[in-house]
Structure formats: C-alpha cells, structure tokens
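S.K.: Using only what follows, build the 3D model:
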Amino acid sequence: MAETRLLTDHQEIRDWAAARSGIPAIRDPEELIGSDEPVLSIQFGQHAYEDDDRQGADRPEDLGGPRLVEWDEWFTLFDQSGLGLVVAEDTPGQRDEFHEIVRR
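M.R.: As a prediction, this is how the structure comes out:
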C-alpha cells in the first residue's frame, strides 16, 4: 500500500481536492440509517455532477445522495467533528484520489 499522510490544514485540503477536481459534499443524517450526524465526502469527476433532480430512470426517488456544498460549510463540520483527511503521498505522474476522512 502507498504511504499516506494526514491533512488538517484547510488550504492544503482545498489544494489537494482541486488538483483532482474534487468538490466538497455532505450527506445529511436523515438520509442515513442509524446515524444522526452528517457525513462529509469529496466527490470527484462524474459523481460530482450527477443529475440531482431525483427524477428519471437513472436515479430512484428514495435513493439519497451527497449534497454539494461550499468549502466553508464543509470545513465547519470538519473542524467541529475533529476530523482529518488521510490521502496517499503524491507520486510523480499520478493523481491518486484515495482519501479517507477520519477522526483526529
């Protein structure tokens, strides 16, 4: 497995996500079974731009999805929850999207 590092600095996280076209997202607790806390994520590529009107054959109405948000809202929850972003060490010539949001 590749070496990893823990990011907590807001600008460093923004830069890491921007280099991979990542967009901050939150899945609200009412969409999650057995959870009363929102879940943070970073969406990449096509996943960030999926049809969000919840209509049509491509998305069942009862299927929840992450809500794209601004970084300020994302970082407020990130800091309140004491989280960190684990990412793979950069390898020249590669843009690894591996990440995991963990408690510090």
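
S.K.: now for the helix or strand of the chain with the lowest mean pLDDT, which elements pack on it?
M.R.: Of all the helices and strands that make up the chain, strand 67-68 has the lowest average by mean pLDDT, DSSP states H and E, namely a mean of 91. For strand 67-68, the elements it packs on are strand 22-27, judged by 3 or more CB pairs under 8 Å, 6 or more residues apart in numbering; DSSP states H and E. Using the backbone N, CA and C atoms, a C-beta is placed for each residue, glycine as well.

S.K.: Run me through the strand neighbours of the strand it packs on, direction for each.
M.R.: When sheet partners are counted by DSSP bridges, strand 22-27 sits next to strand 39-44 (antiparallel), strand 67-68 (antiparallel).

S.K.: how far away is residue 2 from residue 73?
M.R.: Using CB to CB, to the nearest Å, one obtains 30 Å as the distance from residue 2 to residue 73.

S.K.: Who has more neighbours out of the two?
M.R.: residue 73 (14 against 11; other CB atoms under 10 Å).
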